[in-house]
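Visitor: Predicted structure and sequence below. I'll ask about it afterward.
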Amino acid sequence: MNQHIFIVGNSLQVKSLAESLINKKHPVTIISNNMAFCKELSQIDNLTVVLGQGDKRYVLEDADINKCDIMIAMTDSDSDNLVICLMAKKIFQVKKTISLVSDAKKTAFFHQMGIDSAVCTTSAITTIIEQQAIMDELATMIPIGEGRVRISEVKVSVDSPIANKTLFDIALPAQSIIACILRGQSTIIPRGSTRILADDMLLLVAAVEDEIEAIELITGRNYD
Amino acid sequence: MAKRNTNKLTIIIGCGRLGAELANSISDDNGDVIIIDNDKDSFRRLSFSFGGLATVGDGTDIDLLKASGIEKASTVAAVTDNENVNIMAAMMAKNLFNVKNVILRVNDNSKQELYKDSDIQVICPSELTSRAVKAMIDGGR
């Protein structure tokens, strides 16, 4: 059964997220206090639009929040987002709450208050850009697990120190693992005896603390 | 010699009329008080003889709160004019920093489920005022 998703916010990201979810056949309701944005949204099929502030009890009630399975708070105010999610959870028993957080220092606090997922946009984006800027052999870094774990694609160049070595012989740091090897059209889930070849694209899963060291080991470059 | 309230730090978040009045009053009683507001002009409301510390900044910034000594504060009063900011600040004070006495200013009781089980003291200025005015009306009957 497709979860009914509520999103509170006025940004373009709210609109694209809604469209993406509608494409996946989720019922979506957007609550926005911006009349112009609401008018724009009303053009979208299969989208319920409510004009009002998402932290007001009567607005949530008018929006039929008892149908809500997932509440996503995406306003530009961390305190508004916190209150919206807490209201959803504590007053209306919404099962899952997700909040944008602009201040990375607050993510742990949001989790402590019972918000299921707190996404810090600023740090996610700057981390990706930072990595893209300093590492040429990297593509697509995804932070997961509250940003404590990262998945990245790292290419094994011809002069990589680990080219032609088996996983057994590669001393990756403790909190990192090569989860998958993309070789031509094949995907290989490696074992200790798997040999890494030049031109392999490795899917590296690593804790933040060990990620750079693992990448340095694979690429043979220093990233200090 | 005037008595000094030692070891009792009050942190006030929000220097509007309520916050400023509170800060002046505590300072007049020789209490230790730090008042935080992100608008430096708001500190004009503090009295000439204000003996506490006025800090410009975001009262929900964890680093700023720590630097202001929230870990040793006996009271935190979240009294800005934004109810949601007050709720967040009060919850931080209680849950992150275990402040014993946390006071939260709200506009009405529509969000009480969020804090009613949390040992946070709530003040609703409009409710207090309306009660006082009603008493005046009833008194004049």
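Guide: That came through, no problem. Numbering: from 1, shown residues only, chains lettered A, B, ... in the order given.
Visitor: CA only for contacts and neighbour counts going forward, please
Guide: Fine.
Visitor: State the helix or strand in which the residue of chain A found nearest chain B lies.
Guide: Chain B sits closest to residue A:79 of chain A, with a gap of 5.3 Å, by Cα to the nearest Cα. Using DSSP states H and E, residue A:79 falls within helix A:78-90.
Visitor: Residues of chain B that sit close to chain A?
Guide: By Cα under 8 Å from any Cα of the partner chain, the part of chain B that sits against chain A consists of B:62, B:84, B:85, B:87, B:88, B:92, B:96, B:110, B:111, B:113, B:114.
Visitor: Try it again at 10 Å.
Guide: Proximity of chain B to chain A, by Cα under 10 Å from any Cα of the partner chain, involves residues B:60-63, B:82-89, B:91-92, B:95-96, B:110-115.
Visitor: Mind checking which of these are buried?
Guide: Buried by 16 or more other Cα atoms under 10 Å in any protein chain shown: B:60, B:62, B:83-89, B:91-92, B:96, B:111, B:114-115, out of these.
Visitor: Now, those that are in helices?
Guide: Assigned to helices by DSSP state H, the following of these qualify: B:62, B:83, B:84, B:85, B:86, B:87, B:88, B:89, B:91.
Visitor: Show me what residue B:54 is bridged to.
Guide: residue B:35 (DSSP bridges).
Visitor: And the helix or strand harbouring residue A:37, what's buried?
Guide: Counting by DSSP H and E, the element that carries residue A:37 is helix A:35-41. Under the neighbour-count criterion of 16+ other Cα under 10 Å, helix A:35-41 has A:37, A:38, A:41 buried.
Visitor: Got phi/psi on the residue nearest the centre of chain B?
Guide: By Cα atoms, centre = their mean, chain B has its centre lying nearest to residue B:77, at 2.4 Å. With angles defined as degrees, to the nearest 10, residue B:77 sits at phi -120, psi 120.
Visitor: residue contacts, it?
Guide: B:10-14, B:19, B:22, B:35, B:86, B:89-90, B:93, B:101-105, B:121-123 (Cα atoms under 10 Å, 6 or more residues apart in numbering or on different chains).
Visitor: go with 7 Å
Guide: Going by Cα atoms under 7 Å, 6 or more residues apart in numbering or on different chains, residue B:77 touches B:11, B:12, B:13, B:102, B:103, B:104.
Visitor: isn't there a helix covering the first one?
Guide: No - in this structure, residue B:11 is strand, not part of a helix, as judged by DSSP: H, G, I helix; E, B strand; the rest coil.
Visitor: Is it correct that residue A:122 is in contact with residue A:100?
Guide: No - the criterion here is Cα atoms under 7 Å, and residue A:122 misses it with residue A:100 at 9.8 Å.
Visitor: okay, the two: which has more neighbours?
Guide: Taking neighbours as other Cα atoms under 10 Å in any protein chain shown, residue A:122 and residue A:100 compare with residue A:100 leading, 22 against 13.
Visitor: mind checking how far the more buried one is from residue A:107?
Guide: Distance from residue A:100 to residue A:107, counting by Cα to Cα, to the nearest Å: 9 Å.
Visitor: shared neighbours of those two, anything?
Guide: Here residue A:100 and residue A:107 have residue A:118 as joint contacts, going by Cα under 7 Å, 6+ apart.
Visitor: Now render the contacts of residue B:77 as CSV, adding pLDDT and neighbour count.
Guide: Formatted as CSV, these follow (pLDDT from 0 to 100; neighbours: other Cα atoms under 10 Å in any protein chain shown):
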residue, pLDDT, neighbour count
B:11, 98, 28
B:12, 98, 25
B:13, 98, 29
B:102, 98, 25
B:103, 98, 23
B:104, 98, 24
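Visitor: from those, which single one is nearest residue A:212?
Guide: residue B:13 (40.6 Å; Cα to Cα).
Visitor: Could you list the low-confidence segments of the chain?
Guide: No chain in the question, so chain A it is. A:1, A:131-140, A:146, A:223-224 (pLDDT under 70).
Visitor: hm, I was asking about chain B
Guide: B:1-6, B:141.
Visitor: so where do the helices sit in it?
Guide: Going by DSSP H, chain B shows helices at B:17-28, B:62-67, B:83-91, B:125-139.
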